[in-house]
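Engineer: Kindly return the folded structure for what I paste below:
(chains A and B)
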Amino acid sequence: MSADDFIVTPWHVEGDIDYDKLIKQFGTEKISSELLERIKRITGEDHFMLRRGIFFSHREMNRILDEYEKGNKFFLYTGRGPSGHTHIGHLVPWMFAKWLQEKFDVNMYFQLTDDEKFFSKPNLTLEETSKFAYENALDFIALGFKPEKTKIIINTKNIQTLYPIAAQVAKKINFSNTKATFGFTNDTNIGMIFYTSLQSAPCFIEDKPVLIPLGVDQDPHFRLTRDIAQKIGKQKPALIHNIMIPSLEGPGGKMSASAENGTIYTTDSPAEVKKKINKHAFSGGQPDIEQHRKIGGNPDIDVSYQYLRIFFEPDDNKLKKIYEDYKSGKLLSGELKAILIEKINEFLAIHQENREKAKNQIQQFLLENK
RNA sequence: GGGUUCGUAGCCUAGCCUGGUAGGGCGAUGGUCUCCAAAACCAUCGAUCGUCGGUUCAAAUCCGAUCGGGCCCA
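Structural biologist: Below you'll find the model as predicted:
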C-alpha cells in the first residue's frame, strides 16, 4: 500500500481512492465546469456521467473539441482485457463511448487485448482469453454501436494490422520508461514489456486525433503513448477518465472480474442479481431499523446507491429523491436494494436480448487485416 | 549451456533438517445478529503435499529421475 493508501495501476486497483490526489499523481486535468459546459453546448446534451463526475478527469479534451469545431473529426478508441466475463463496471466507459459516437458521429475502435491478459494472468491460456474476447465483444456490440463506424480489434487476430504501428512505438519506448511506468521487475515476462506498444497502436490507426474514454487505471499506458507520439510524427491521444466502479462488497477497490460475489455479470440471471445484491452489497444503513429511521443512512458509502448514481438511474430527480429518502431514514437499505435490483434486471433483460442478436452481427464489426 | 532456489486446498503458507498418511490465514458455504450488507461470533466444505520411481513396516518429509516457475551467470 502506498503512502496515500490506495493503488491504481493497469493490473491492480486497491484501497479507497482519492481522485483529486490521483489527478495530481497521474498529472491529468480535472474536468472543469467550463469543459462540462462546452461539451454540453456542442453535443446539446448534458450526459449524467459527466454531470455526476463519473468521468472526472481528462487529458487534452479541449484540443479534441477545438479540432472538432474547426471541422476536423476525431475518432474514439477504448478496449477491454478479456480475462473473464463482462461485468457492469466495464460497461461504464463503453456506454459513454457510445454516446460520444452518436453525438459526434465519429468512428470507434474497440481493442480486445487477449494477448495482454494471457501475459499478465498466469493461469489463463490464449484459448481462454480468445474465448472471453468473443464474449466481451458481444457485450460491446449489444450497447448499440453503429456497425459502419465501429471496428473491433482482437490483438492476436489483427496483429498484422497492429504490428507495423506497434513497431514504430516500441522503438521509442525503452526499458527504463516501462519499468518506471508499470513497476516491472526482473521476473516480468517480455510479453508484458512489449505490450504497451500494442495498446498504443490503435491510437494511430487513423491519421486523425483520437479520444479515449477509459477507466483511469489504464492511463499509464497512454502516458507513454503521449510521450512518444510526436517522435513518430503523430498526435498525442486525448483521454477522458472514469472512476473505478466499486465492488459490491465495499467502497475500496474496483469491481474485479475474478471475485464472483462482488460482481454483477452481464450474463447473470434476475435471480442471481437479486441474490448478489441482497446478500453482498455493502450498505450505508444503520445497524437496526430504529436507528436507521432516526439517524438515516449514508448513500455516499452505500454501494447500491452508488450503482444507481454511476449507471442505473440517469434521472436526476429520481436519484435525488432516493438520496434524500435514504439519508433521512425514510428509505431502508433493503428497499434501496430492491430499487437497484429492479433497475439492473430491467437493463439486463434488454441487454441480454441484444447480446444474443450480437452473435449474428459480430462478423461485420471485426476489423479486417490490412 | 552452467549454477541456484522453489513447487502443499481457489490464494498465501506451516510442517521437510530429527520419516508415522497435513496445521493455520484469506476466500467460499451455512448459521446467529441486522430492514439488508458489513463487523463480530459459531459451524461446514475444501489438499491423494507438481509427476514418476526407489529406500522403508511406514514418506509431504530421505534418495533418484522428470516436468514447471523464479533468480544469477554464460
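Engineer: so where do the strands sit in chain A?
Structural biologist: In chain A, the strands defined using DSSP state E lie at A:6-9, A:12-15, A:29-30, A:55-59, A:75-80, A:108-112, A:150-154, A:210-215, A:238-242, A:246-247, A:250-254.
Engineer: Can you read off the pLDDT for residue A:8?
Structural biologist: For residue A:8, the pLDDT comes out at 86.
Engineer: What residues does it make contact with?
Structural biologist: Residues in contact with residue A:8 (Cβ atoms under 8 Å, 6 or more residues apart in numbering) are A:17, A:22, A:216, A:217, A:244. Where C-beta positions appear, they are placed from N, C-alpha and C, glycine not excepted.
Engineer: mind redoing it with 10 Å?
Structural biologist: A:2, A:14-15, A:17, A:19, A:22, A:25-26, A:215-220, A:244, A:253-254 (Cβ atoms under 10 Å, 6 or more residues apart in numbering).
Engineer: same question, residue A:58
Structural biologist: A:23, A:28-32, A:35, A:64, A:211-213, A:238-241.
Engineer: mind running it again at 7 Å?
Structural biologist: Applying Cβ atoms under 7 Å, 6 or more residues apart in numbering, we find residue A:58 in contact with A:28, A:29, A:31, A:239, A:240, A:241.
Engineer: what about the closest residue to the first one other than its chain neighbours, neighbour count?
Structural biologist: The spatial neighbour of residue A:28 that comes closest, neighbours along the chain excluded (Cβ to Cβ, 6 or more residues apart in numbering), is residue A:57 at 4.5 Å. Residue A:57: 22 surrounding residues under other Cβ atoms under 10 Å.
Engineer: Quickly list what residue A:57 is bridged to.
Structural biologist: Following DSSP bridges, residue A:57 is listed with bridge partners residue A:30, residue A:241.
Engineer: which parts of the helix ranked longest in chain A are buried?
Structural biologist: The single longest helix within chain A, with elements called by DSSP state H, is helix A:333-365. Across helix A:333-365, burial judged by 16 or more other Cβ atoms under 10 Å covers A:333, A:336-341, A:343-345, A:347-348, A:351-352, A:355, A:358, A:362, A:365.
Engineer: among those, which are within reach of RNA strand B?
Structural biologist: The residues of the buried residues of helix A:333-365 that also fall near RNA strand B, by Cβ under 7 Å from any atom of the strand, are A:333, A:337.
Engineer: How about residue A:158: what's its closest non-neighbour residue?
Structural biologist: residue A:367 (5.2 Å).
Engineer: Please name the residues that touch that neighbour.
Structural biologist: Counting by Cβ under 7 Å, 6+ apart, residue A:367 touches A:151, A:152, A:153, A:158, A:161.
Engineer: can you tell me which residues contact the closest residue to RNA strand B within the stretch 101-250 of chain A?
Structural biologist: Checking the stretch 101-250 of chain A residue by residue against RNA strand B with Cβ to the nearest atom of the strand singles out residue A:187 as nearest, at 3.0 Å. Under the criterion of Cβ under 7 Å, 6+ apart, the contact list for residue A:187 is empty.
Engineer: okay, it: pLDDT?
Structural biologist: You'll see residue A:187 listed with a pLDDT of 89.
Engineer: now swap in the one 10 residues further on and tell me
Structural biologist: As summarised for this prediction, residue A:197 has a pLDDT of 95.
Engineer: ok now do it, which residues does it touch?
Structural biologist: By Cβ under 7 Å, 6+ apart, the contact set of residue A:197 is A:166, A:169, A:170, A:173.
Engineer: quick one: which of these is most hemmed in?
Structural biologist: residue A:169 (25 neighbours).
Engineer: what's the nearest residue to that one if we skip its chain neighbours?
Structural biologist: Among residues not flanking residue A:169 along the chain, residue A:197 sits closest, at 4.1 Å (Cβ to Cβ, 6+ apart).
Engineer: how much space between that neighbour and residue A:301?
Structural biologist: For residue A:197, the distance to residue A:301 equals 40 Å [Cβ to Cβ, to the nearest Å].
Engineer: what do you get for residue A:350?
Structural biologist: Separation of residue A:350 from residue A:301 (Cβ to Cβ): 30 Å.
Engineer: Likewise for residue A:168?
Structural biologist: Residue A:168 sits at a distance of 46 Å from residue A:301 (criterion: Cβ to Cβ).
Engineer: Which one's more surrounded, the two?
Structural biologist: residue A:168 (18 against 15).
Engineer: Would you confirm that the more buried one contacts residue A:234?
Structural biologist: No - if you go by Cβ atoms under 7 Å, residue A:168 and residue A:234 don't touch, sitting 8.4 Å apart.
Engineer: Need the residues touching each of these two.
Structural biologist: Counting by Cβ under 7 Å, 6+ apart, residue A:168 and residue A:234 have no shared contacts at all.
Engineer: Enumerate the residues of the stretch 151-300 of chain A near RNA strand B.
Structural biologist: With the criterion set to Cβ under 7 Å from any atom of the strand, the stretch 151-300 of chain A comes near RNA strand B through A:185-189, A:249-250, A:259, A:261, A:278-283, A:285-290, A:292, A:297.
Engineer: how about 10 Å then?
Structural biologist: A:184-190, A:248-250, A:258-262, A:275-293, A:295-298 (Cβ under 10 Å from any atom of the strand).
Engineer: Inside helices: which ones of these?
Structural biologist: Using DSSP H, those in helices are A:190, A:275-280, A:289-293, A:295.
Engineer: can I assume residue A:200 is in contact with residue A:226?
Structural biologist: No - Residue A:200 lies out of contact with residue A:226 (Cβ under 7 Å); the separation is 9.4 Å.
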